[in-house]
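Trainee: Structure for this input, please:
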Amino acid sequence: MTAPDRNNKLRFELYLIKKTYQLFGFKKMLMFLIGLPTVIFTKRNRSAYNFLGKCIMEINDKKIKWKHTDVGFIDELILDKCYIPNDSFRIKDDYVVVDAGANVGVFSIFAASYAINGKIISIEADKYDYERLQDNISENNFKNIFSINKALTDQSGHVYLSDSVVREPSNKNFHKEDFIFEGKVESISPDDLIKEFKLTRIDFLKLDIEGSEFKIFSNPNWLKIVRIISMELHAEPEDKKTLEMKKILENFNFSVNLIKNGNVTYCFALKHQ
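Mentor: This next block holds a predicted model:
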């Protein structure tokens, strides 16, 4: 079942109800239904997720416990594997993975379940999501996930995080410091991230950073150590900034595939060996 447009609230909630049942069973679906009225007041699906309690599923033959569940992300990132379009993008057991825009840690935990001898760098700017990300990591006792509460953007320092009442991924945007927004958060550039974690390679870079994905390519030399990129773009495939980014990636020996999926454009980039 393909996820409907989030703007169609009724269809999206019905989709989440069905997915909750498929993933976690009848009892958890009932708990989600009990929590649904709170969504009307808070405008957040997270309010209903809070009623689910701890949820358990298997990833790569490992029992994974979600202290904080996001059914939509689990369906999209783990079941549909939206960032892994084919076997060339499959995460291997020694991979160094950077998950920028980690939210509550769905992709980070998915990656860590496969890269058991590797390292996962999990980056999340939103304090609300970051706390839940840490809880989910601790719940599963992962020792190969390293998390930071920062925004990945073109320069280290600070950016302002604008977070609307609806706490959904598509509603976050990073803005320059000469405007006043809801929250000032630390930022880190790709170069400084590489220095901080002493990375000599990044095997898989997953990006969902709400419009800042174009900024980080303004100083692209860090791409020399990256092999695979999967990212969500907040632009059309034919937009000028998309095509400029594609050209930068190609200049660093990546083959690039842009795929439009509903309201989202995915960019899959694989470096030639």
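
Trainee: Show the subsequent helix or strand relative to the helix or strand bottoming out on mean pLDDT in the chain.
Mentor: The weakest-scoring helix or strand in the chain, judged by mean pLDDT, DSSP states H and E, is strand 172-175 (a mean of 40). On the C-terminal side of strand 172-175, the closest following helix or strand by DSSP states H and E is strand 183-188.

Trainee: which element follows that following strand toward the C-terminus?
Mentor: Going down the chain from strand 183-188, the next helix or strand is helix 190-196, by DSSP H and E.

Trainee: and that following helix, average pLDDT?
Mentor: Here helix 190-196 scores 98 as its mean pLDDT.

Trainee: you'd agree E76 is in a helix?
Mentor: Yes. According to DSSP: H, G, I helix; E, B strand; the rest coil, E76 belongs to a helix.

Trainee: Identify all contacting residues around the helix or strand containing L30.
Mentor: Element membership for L30 (DSSP H and E) is helix 26-42. For helix 26-42, the external contacting residues (C-beta atoms under 8 Å, 6 or more residues apart in numbering) are 13, 16-17, 20-21, 45, 47-53, 55, 71, 165. Quick note: C-beta positions are derived from backbone N, CA and C, even for glycine.

Trainee: starting at the chain centroid, how far to it?
Mentor: Offset of helix 26-42 from its chain centre (C-alpha atoms, centre = their mean, to the nearest Å): 24 Å.

Trainee: Give me the buried positions along it.
Mentor: Neighbour-count burial for helix 26-42 flags K28, M29, M31, F32, G35, T38, V39 (criterion: 16 or more other C-beta atoms under 10 Å).

Trainee: Quick check: what element follows it along the chain?
Mentor: Where DSSP H and E defines the elements, the next helix or strand beyond helix 26-42 is helix 45-49.

Trainee: That concludes my questions; thank you for your assistance.
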